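Undergrad: sequence and predicted structure are below.
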Amino acid sequence: MSGRTTRRLRAGAWLAAVFLAAGLSGCGPETTDTGSEVAEPTVVNPTVVDPWIRAAPPTARVLAGYLVLENPGAQAVTLVGATSPVAAMVEIHETVVRDGVASMERRPELVVPAGGQLVLEPGGAHLMFMQPSAVPVAGETVPVTLSLGDGSTLEAVFAVRDGAAGSGHEHHHPEPGPD
Ligand SMILES: [Cu+2]
């Protein structure tokens, strides 16, 4: 699990923001030794929860990645892109179903609402890793840098695993829904 890593990174980003604020005002908000129980800052990077990539055959030319972004802050945050050393390019996609046919559409950004979360999961939004240099196998991990709309980045370690069974996140939408 990467929760500890992402929390530490988030705390680091937050502390950087505090230092900036302190530099302007001469005094910063209260903080604690750990930085984990702090007063709510104005802007908080979202927390990455359970990032994973669906295991694929060695010949796969794309890989799908999923995660949940939780935004405890008071302002909406946008996910605008991602990069990874294993892929030539990473795009944000969303699977849409029209007339019972599922297809993927590219999205320039996805919103993580204030106090809410953005869920990328099978059957919905996902990261599409294009032209992987080497297809990772289940059990391996893949580093990914997520880009946010404010120009900041989030590092995440995606676990590679089979998505067909056991993930508990599979959703099927056989019926075309209203737009
Ligand atoms: Cu896709």
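TA: Ah, there it is.

Undergrad: output the longest strand belonging to the chain.
TA: For the chain, the strand with the greatest residue count under DSSP state E is strand 87-98.

Undergrad: what sits up against whichever helix or strand comes after it?
TA: Once the chain leaves strand 87-98, the next helix or strand it forms, by DSSP states H and E, is strand 101-106. With CB atoms under 8 Å, 6 or more residues apart in numbering as the contact definition, strand 101-106 has outside contacts at 91, 92, 93, 94, 95, 96, 123, 128, 173. C-betas here are computed from N, CA, C, even on glycine.

Undergrad: now check the helix or strand that strand 101-106 is followed by, is it near the ion?
TA: Once strand 101-106 ends, the next helix or strand along the chain (criterion: DSSP H and E) is strand 110-112. No. Remark: strand 110-112 sits outside contact range of the ion, by CB under 5 Å from the ion, the gap being at least 12.9 Å.

Undergrad: please point out which parts of strand 110-112 sit buried.
TA: Within strand 110-112, the residues that count as buried by 16 or more other CB atoms under 10 Å are 110, 112.

Undergrad: can you point out the buried residues in the next helix or strand after that strand?
TA: Read in the C-terminal direction, the helix or strand following strand 110-112 is strand 117-120, with elements assigned using DSSP H and E. Buried positions in strand 117-120, judged by neighbour count with 16+ other CB under 10 Å: 118, 119, 120.

Undergrad: so which residues on this protein come close to the ion?
TA: For the chain, the residues in contact with the ion under the definition CB under 5 Å from the ion are 93, 104, 128.
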